[in-house]
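*Asks:* A structural model of the following input is requested.
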Amino acid sequence: MTHDEVVGLVSTAVSAIAAVTGIAQVLHSQKQLFPLISHIKERLFTRRLRSILRAFMGENLAENFLGDLGERRTILVKKQGRHQADRWYRRQLLISIPPLLVLAIRRLASHAVRSLTR
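*Replies:* Numbers count the residues shown, from 1 in each chain. Predicted structure coming up:
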């Protein structure tokens with residue numbers, strides 16, 4: 001991965017985290033007033049989180065990770081209902097992003113150091 005690609009990835013991640021935070025606030029404030037709109041926004045929110053994970057983890061690793069989460073979500077649907085399972089799933093996606101962002105920044109720093117020492 002080139003320096004410019006890593007910088008672009010980190011920039012995208014920061015923008016995505018800001019967007020995710022904004023979407024989460026909107027979802028929370030409108031949840032009781034507009035259930036249909038809330039449902040649509042939650043789906044978009046989930047898709048955005050999944051695409052962020054793919055950007056950080058790579059397609060294959062992300063699909064494995066998302067598959068594992070999906071299996072656990074299926075079990076939770078049976079035990080706790082769809083709403084709780086969806087909520088758990090989105091939370092797991094959301095809390096996975098910061099550690100991946102840290103790893104991307106470390107990779108960027110490592111790449112920058114290697115570039116300077118050449």
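*Asks:* can you tell me how far T12 is from I95?
*Replies:* Per Cβ to Cβ, to the nearest Å, T12 is found 19 Å from I95. Every C-beta, even on glycine, is put in place using the N, C-alpha and C of the backbone.
*Asks:* the two: who's more crowded?
*Replies:* Comparing T12 with I95 by other Cβ atoms under 10 Å, the one with more neighbours is T12, at 15 against 9.
*Asks:* contacting residues around the more buried one?
*Replies:* Shown in contact with T12 (Cβ atoms under 8 Å, 6 or more residues apart in numbering): A55.
*Asks:* so it is in which element?
*Replies:* helix 3-30 (DSSP states H and E).
*Asks:* next: L101.
*Replies:* helix 82-117.
*Asks:* same question for that helix, mean pLDDT?
*Replies:* Helix 82-117 shows a mean pLDDT of 83.
*Asks:* could you do stretch 49-59 as well?
*Replies:* 80.
*Asks:* quick check: buried residues in it?
*Replies:* Using 16 or more other Cβ atoms under 10 Å as the test for burial, stretch 49-59 gives L49, R50, I52, L53, R54, A55, F56, M57.
*Asks:* possible to save these as CSV with secondary structure and distance to V113?
*Replies:* Shown next, in CSV, are the buried residues of stretch 49-59 (DSSP: H, G, I helix; E, B strand; the rest coil; distance: Cβ to Cβ, whole Å):
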residue, secondary structure, distance to V113
L49, helix, 31
R50, helix, 32
I52, helix, 26
L53, helix, 26
R54, helix, 27
A55, helix, 23
F56, helix, 21
M57, helix, 23
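*Asks:* what is the nearest of the residues you listed to D4?
*Replies:* A55 (14.8 Å; Cβ to Cβ).
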